[in-house]
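Enquirer: Please find the sequence and the predicted model below.
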Amino acid sequence: MSIQNAYLNSLMDRVMARNPAEPEFHQAVREVLASLVPVVEDRPEFIQEGVMDCLVEPERIIKFRVPWEDEQGVVHVNRGFRVQFNSAIGPYKGGLRFHPSVYEGIIKFLGFEQIFKNSLTGLPIGGGKGGADFDPKGKTDLEVMRFCQSFMTELFKYIGPDTDVPAGDIGVGSREIGYLFGQYKRLRNEFTGVLTGKGLSYGGSLARTEATGYGLCYFTDCMLRDAGRSFDGATVVISGSGNVALYACEKAAQSGAKVVAMSDSSGYVYDKDGIDLPLMKRLKEVERKRIAAYAEERPGAEYHAGCAGVWQIPCGIALPCATQNELDLTSAKALIANGCFAVAEGANMPCTPDAVDALQGAGVLFAPAKAANAGGVATSALEMSQNSMRFYWTFEEVDEHLKKIMKDLYHNASAAAVRYGAAGDLVAGANIAGFLKVGESMLAYGIV
Ligand code: NDP
Ligand code: 2IT
């Protein structure tokens, strides 16, 4: 599909030629450039001054060897990455993903998305992302610690509280952040807010654990209310059962919805009585079990192998919270046929482009990831603020900030869509509003 502007279309061709075999990166760039057509037509200086060309090229990519030894004495070598994509409005900020599927293209797509998401929060954070093709599943705590220490032994040279502040993402939770922070502190001999998502005893922020899932629901609530709907009484299906999914489930249930299904990469559980969240949290956060264990312990719940099947379950609201491209056209059609009226992306880029087109075409309310899941990184920025102040806010204070940030973000994205002739299209609105602040800053700096 071509982009309706000759310059941006040729830029897209160059991105594909210079970054071959990175389909996720191409997908993320194409969506943003397509949304920015009316912006560059209105403001040609973004093209003339080189802003668009700079936007699609990371400022820096760091790629490194991560050797570590398992409990049997066998040496493994993984590959680590940090893509420092754009620092126009603040230090690079974004998570680390540890998953066997990680390669440069995944980190580039995530880093690119992070630029606009972070801008949308209204807080001073640039865009970055990192990770490794390491699989924490099935590893002992000792092995995870050794891997994290080796990873940080290289990464520490390139990050800092005013330079680049990593956090968690898939496969990186509080355990991994603890090992990473401990090693950074040891190597630098400094106690600074260089990572977010830290434990509460050593500089973490209250409500950071909950923030992405809660923020997703706050954003979705704004979108639903504008359309005369709400979570109250709705049936919700959530994919994933990790950090984002668990706290989306918690807030959706607190808002009066019934969450009837959740998944992991092996399969999904259907629980007609509503997910028993304390049970799910124990199995996933404490015992690190597969989701099949939920159906073994919960009377009346069913387990089905294969994670994509979760979208066949009838629901009013779908919250994809697992991974990229997990909700395709077939799944979108099933959701539409079953009467789904809202899809909000908790994961990054979980819906394929044809699925997004189908959902929007059918009038389903659609909340794109870079707006809807921005509550996590926004609260990371609040963690940075608290660390800089050497002070702590209460859970309620952080949660109030988060609510306001998500509400403002929703209104900014909606207003940008209206201003550029795409009323109701939050994909366009989020891309445009996220870009403008970054683009204006890049113009102000000149060619750098
Ligand atoms: P977790 O590692 O806590 O959980 C990931 C969940 O997604 C698990 O249930 C996992 O299943 C499932 N999953 C992962 N990969 C796949 C796959 N290839 N196919 C099917 N299911 C999969 O990660 P998070 O909850 O932190 O992240 C989930 C999504 O949200 C990601 O897209 C992430 O980028 C995004 N996100 C996270 C934020 C955060 O603050 N943590 C902020 C904003 C976005 P299994 O255990 O079987 O692998
Ligand atoms: O995708 C994301 O926004 C995250 N994984 C959170 C990043 C952060 O710095 O908190």
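Expert: Received the coordinates, thanks. What you see is a predicted model; the values in this text were computed from it and never measured. Ligands and ions are numbered 1, 2, ... in the order given.
Enquirer: what ranges do the strands span in the protein?
Expert: Listed in chain order, the strands of the chain (DSSP state E) span 60-69, 75-86, 92-98, 126-132, 164-167, 235-239, 258-263, 267-270, 302-305, 317-320, 342-344, 365-367.
Enquirer: Would you give the sheet partners of the third one, along with the direction of each?
Expert: Yep, that's strand 92-98 we're talking about. Using DSSP bridges, strand 92-98 pairs in its sheet with strand 126-132 (parallel), strand 164-167 (parallel).
Enquirer: how about the nearest residue to Pro320 once chain neighbours are set aside, phi and psi?
Expert: Excluding its sequence neighbours, the residue lying closest to Pro320 (CB to CB, 6 or more residues apart in numbering) is Pro350, at 3.7 Å. (Each C-beta comes from the backbone N, C-alpha and C, glycine too.) Dihedral angles of Pro350 (phi, psi; degrees, to the nearest 10) stand at phi -70, psi -20.
Enquirer: in terms of contact, does Glu59 touch Asn86 like I think?
Expert: Yes - using CB atoms under 8 Å, Glu59 is in contact with Asn86, at 6.4 Å.
Enquirer: show me what contacts whatever residue of the stretch 51-200 of the chain ends up closest to ligand 1?
Expert: The minimum distance from the stretch 51-200 of the chain to ligand 1, using CB to the nearest ligand atom, falls at Ile170 (4.1 Å). Ile170 makes contact with Arg97, Phe98, His99, Gly242, Thr323, according to CB atoms under 8 Å, 6 or more residues apart in numbering.
Enquirer: Farthest-apart pair in the residues you listed, please.
Expert: By the measure CB to CB, Phe98 and Thr323 form the most distant pair in the contacts of Ile170, at 13.1 Å.
Enquirer: Neighbour count for these two, which is higher?
Expert: Phe98 (27 against 20; other CB atoms under 10 Å).
Enquirer: who are the neighbours in contact with the residue nearest to that one when sequence neighbours are not counted?
Expert: What sits nearest to Phe98 in space, not counting adjacent residues and going by CB to CB, 6+ apart, is Gly171, at 3.6 Å. By CB under 8 Å, 6+ apart, Gly171 lies in contact with Arg97, Phe98, His99, Gly131, Phe134, Asp135, Pro136, Lys137.
Enquirer: Make CSV from the residues you listed and add pLDDT and distance to Thr220 to it.
Expert: Below are the contacts of Gly171 laid out as CSV (pLDDT from 0 to 100; distance: CB to CB, whole Å):
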residue, pLDDT, distance to Thr220
Arg97, 99, 24
Phe98, 99, 28
His99, 98, 26
Gly131, 99, 27
Phe134, 98, 33
Asp135, 98, 31
Pro136, 97, 29
Lys137, 95, 30
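Enquirer: By residue count, which helix of this protein is the longest?
Expert: helix 395-419 (DSSP state H).
Enquirer: now it: how far from the chain's centre is it?
Expert: Distance of helix 395-419 from the chain centroid (CA atoms, centre = their mean, to the nearest Å) equals 16 Å.
Enquirer: Show me what it packs onto, helices and strands only.
Expert: Helix 395-419 sits against helix 104-120, helix 208-226, helix 369-372, helix 375-389, helix 426-445, with contacts defined as 3 or more CB pairs under 8 Å, 6 or more residues apart in numbering; DSSP states H and E.
Enquirer: change it to 6 Å
Expert: On a contact count with 3 or more CB pairs under 6 Å, 6 or more residues apart in numbering; DSSP states H and E, helix 395-419 meets helix 208-226, helix 375-389, helix 426-445.
Enquirer: mind listing what the closest residue to ligand 2 within the stretch 301-448 of the chain touches?
Expert: In the stretch 301-448 of the chain, no residue comes nearer to ligand 2 than Ser380, which is 3.3 Å away by CB to the nearest ligand atom. Ser380 makes contact with Ala167, Thr196, according to CB atoms under 6 Å, 6 or more residues apart in numbering.
Enquirer: Next one: it, what pLDDT does it get?
Expert: pLDDT, Ser380: 98.
Enquirer: What separation is there between it and Val237?
Expert: Per CB to CB, to the nearest Å, Ser380 is found 27 Å from Val237.
Enquirer: isn't Ser2 right up against Leu8?
Expert: No - the criterion here is CB atoms under 6 Å, and Ser2 misses it with Leu8 at 9.5 Å.
Enquirer: The two - which one has more neighbours?
Expert: Higher neighbour count among Ser2 and Leu8: Leu8, with 23 against 11, using other CB under 10 Å.
Enquirer: so the residue of the stretch 101-250 of the chain at minimum distance from ligand 2 bridges to which residues?
Expert: The nearest approach of the stretch 101-250 of the chain to ligand 2 comes at Ala167, 3.3 Å away (CB to the nearest ligand atom). Here Ala167 sits in beta bridges with Gly95, going by DSSP bridges.
Enquirer: Burial check on the closest residue to Gly267 other than its chain neighbours, number of neighbours?
Expert: Nearest non-adjacent residue to Gly267, counting by CB to CB, 6+ apart: Ala305, 4.3 Å away. Counted with other CB under 10 Å, residues neighbouring Ala305 total 9.
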